[in-house]
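Undergrad: Give the three-dimensional model of this entry:
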Amino acid sequence: MDFFISPIQLLQSISLALELSAGGLSSHQWRVAMIADHVADKLDLTREERQTLVHVSLIHDIGAAASWEKVAGLRVGKSADLYAHAYAGYTLLKDSAAFHDMAPYIRYHHDRWDGNNISGLSGKQIPLLSRIICLSDNVAIQIDAQRFIFDQVPGILENIREGSGTYFQPELVDVFLRIAQSEGFWLDLINAYAFPEFFKRVGRYGDICYSLEDVMDIAEILATVVDWNDPFTGGHSRRVAVISEYLASQKGFCSDEVKLMRIAGLLHDIGKLAVSRTILEKPDKLNSSEFYIIKQHPYYTYHILHNIEGLQDVAVWAAYHHETLDGKGYPFRIKGESLSLGSRIVAVADIFTALTEKRPYHATMERDAVRQIMQGMAQHGKIDGSLVAVLFHDPEKINYLIAHVFAIQKK
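TA: The predicted structure follows:
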């Protein structure tokens, strides 16, 4: 099974998820991509290099998803946090079949031109695309969308000039300063309607054929990012994935559908990147406002995934995991026959996994207690009783699957 997906479409969705982890939709990585593309337009880069530059820019902070507070505002210098998140992003992608070519550029995107770097690189030893992203990143991070942009421009330009020859390659600074003379350039960076046109333009490089295994590989990367954000439930996404995969196989899904169900399990909580770690780690009962913040995450899961061509079913299966058969779930209030079997499967897998995990607000539950709770939920019209029956029919198989996930995590 193959997916012909626009890489821009895919990376735009991943970038959206990462923006949510930064405390809201700041469009930082989109701005970095736009600035970098302007710089590339003035350089003698190949079409492939420009494409890669935009792709890397869109996810350059993927290693910072769980530590944004530490790295925000520390865009230059020799901060260990800056290099740590750049290296974390490199580690995350370097063995990926789909994204491995982007890993080195992410690794060095905070390296200074003058060589005062943990990596030991300096000048043109630093990959050109990393040098461009470093400059673009430092421009974008200074933009405050709540202030009039032209009141900010002089200060931004002064900071970039001061960094020429130390933080940034002088020739790239010169290119940027020429670009910065255009008022339209700055207006594009702060107006939301400029981004669709930008993505349409850079999306003309064409689609890429991703195999089902490639998509699973990407889903595994994103599941790692999600679980980084919630250390109390580290591995939760993979446990939901293996239970979802098992239930789908038992309910007669074909081989490809079973794999898609695993992807849905891996990505069901990607919207939780919009939830602060303070709330996720809170040991006490959530107040009303905090609970509503938590309840937003399936909404974001849906909107992150449904625009990716070929993953529309996965988006529904993943995002409806807190809906209930009686229509009293959240956030879409879908009920009964409107809930597909795939959505019901992820819901049951998520509840089982949550009850058997240690959480800030409850200890791990014994399997008999979990079974009684879930059977009660089925009797009260919350979840699919046939799936609960399948889940507890072979407890040794379930124990094996979960133990296998834990063994993978420890490697």
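
Undergrad: residues in contact with the host helix or strand of Ser13?
TA: Under the criterion of DSSP states H and E, Ser13 resides in helix 7-21. Applying C-beta atoms under 8 Å, 6 or more residues apart in numbering, the external contacts of helix 7-21 come out as 25-30, 33, 51, 54-55, 58-59, 61-62, 64-66, 68, 199, 202-203, 205, 207-208, 218, 222, 225, 229, 270-271, 273-274, 300, 303-305, 307-309. Placement of C-beta: from N, CA and C, glycine included.

Undergrad: now, which of those residues lie within strands?
TA: Ile208 (DSSP state E).

Undergrad: Buried subset of the contacts of helix 7-21 as a ChimeraX selection?
TA: To isolate the buried members of the contacts of helix 7-21 in ChimeraX, using 16 or more other C-beta atoms under 10 Å:
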select :26,27,28,29,30,33,51,54,55,58,59,61,62,64,65,66,68,199,202,203,205,218,222,225,229,270,271,273,274,300,303,304,305,307,308
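
Undergrad: Just the buried positions in the helix holding Ser13, please.
TA: Neighbour-count burial for helix 7-21 [16+ other C-beta under 10 Å]: 7-8, 10-21.

Undergrad: sorry, back to before: which ones among the contacts of helix 7-21 are found in helices?
TA: 28-30, 33, 51, 54-55, 58, 68, 199, 202, 218, 222, 225, 300, 303-305 (DSSP state H).

Undergrad: pLDDT check: weakest of the buried residues of helix 7-21?
TA: Lowest in pLDDT among those is Ser21, which has 68.

Undergrad: hey, where'd the helices end up in the stretch 151-300 of the chain?
TA: 170-179, 183-190, 194-202, 212-228, 236-250, 255-267, 277-280, 288-295, 297-305 (DSSP state H, counting those that start in this stretch).

Undergrad: Domains in this structure, by residue range?
TA: Listed by automatic domain parsing, the domain ranges of the chain are 2-206, 210-410.

Undergrad: Provide a list of residues in contact with the residue nearest to Phe332 when sequence neighbours are not counted.
TA: Nearest non-adjacent residue to Phe332, counting by C-beta to C-beta, 6 or more residues apart in numbering: Glu323, 6.2 Å away. Taking C-beta under 8 Å, 6+ apart, we find Glu323 in contact with Gly329, Tyr330, Phe332, Arg333, Ile334, Lys335, Leu339, Ser343, Ala347.

Undergrad: So which of those residues is surrounded by the most neighbours?
TA: Ranked by neighbour count (other C-beta atoms under 10 Å), the contacts of Glu323 have Ala347 at the top, with 27 neighbours.

Undergrad: now, the most widely separated pair of the contacts of Glu323?
TA: By the measure C-beta to C-beta, Arg333 and Ala347 form the most distant pair in these, at 14.0 Å.

Undergrad: got the contact list for the closest residue to Leu260 other than its chain neighbours?
TA: Leaving aside its sequence neighbours, Leu260 sits nearest to Val314 (C-beta to C-beta, 6+ apart; 5.6 Å). Applying C-beta under 8 Å, 6+ apart to Val314 gives the contacts Leu260, Ile263, Ala264, Leu267, Leu305.

Undergrad: Just the angle for whichever strand or helix holds Leu355 relative to helix 236-250, thanks.
TA: Per DSSP H and E, Leu355 falls inside helix 341-356. Taking axes from the mean of the first three to the mean of the last three C-alpha atoms, to 10 degrees, one finds that helix 341-356 is oriented at 130 degrees with respect to helix 236-250.
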